[in-house]
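below is the structure, and that's it, no one-letter string:
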């Protein structure tokens, strides 16, 4: 018994295709991406980032995927001076994305990343970003998974960074 689709069934795109099209439409917009995975954080971003200069995303169970979207938002943001991302589940992927954000951001002065799961890969990337960033004055990284290699990279970066 061979199954045939009715013409009206063929005209309807499958749900997965609709999701893919939505993702492609939002690909360049980190706020839309954040809204798709964590509407609560996107609403908080809209509420506070453009007005208060302080972003509190601490203890919100942010994972690597979501952390990357937050990092992309910080890269182009011109109002947030202090970002609190501590006590989450950030990992190396987010750490590297935050390093890229620090290279581009000219406003952020304080970044709180303690009590996450940032390892040497993230630590090394952040140390490299410090060489390019001229505005960050405080970076809190305690209680992460950083080793001696990262410590040496930080020592070198701090000799170079003047802020």
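Nice, I can see it. Because the structure is predicted, anything quoted here is derived from the model rather than measured.

ok, residue 61 touching residue 89?
Yes - counting by Cβ atoms under 8 Å, residue 89 is a contact partner of residue 61 at 6.2 Å. Quick note: C-beta positions are derived from backbone N, CA and C, even for glycine.

okay, now residue 33: neighbour count?
Residues lying near residue 33 (other Cβ atoms under 10 Å) number 21.

now do the buried residues in the host helix or strand of it.
Secondary structure from DSSP states H and E places residue 33 in helix 30-37. By neighbour count on 16 or more other Cβ atoms under 10 Å, the buried set for helix 30-37 is 30, 31, 33, 34, 35.

what is it packed up against?
On a contact count with 3 or more Cβ pairs under 8 Å, 6 or more residues apart in numbering; DSSP states H and E, helix 30-37 meets helix 15-26, helix 39-48, helix 64-76.

now residue 30: closest residue in space that isn't a chain neighbour?
Spatially, and ignoring its direct neighbours in sequence, residue 30 is nearest to residue 72 (3.7 Å; Cβ to Cβ, 6 or more residues apart in numbering).

rebuild the buried residues of helix 30-37 as JSON lines, extending it with pLDDT.
Shown next, in JSON lines, are the buried residues of helix 30-37 (pLDDT from 0 to 100):
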{"residue": "30", "pLDDT": "93"}
{"residue": "31", "pLDDT": "95"}
{"residue": "33", "pLDDT": "93"}
{"residue": "34", "pLDDT": "95"}
{"residue": "35", "pLDDT": "95"}
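
from those residues, which is closest to residue 127?
Distances from residue 127 to the buried residues of helix 30-37, taken as Cβ to Cβ, are shortest for residue 30 (24.1 Å).

so what's the closest one up against?
69, 70, 72, 73 (Cβ atoms under 8 Å, 6 or more residues apart in numbering).

alright, that wraps it up for me.
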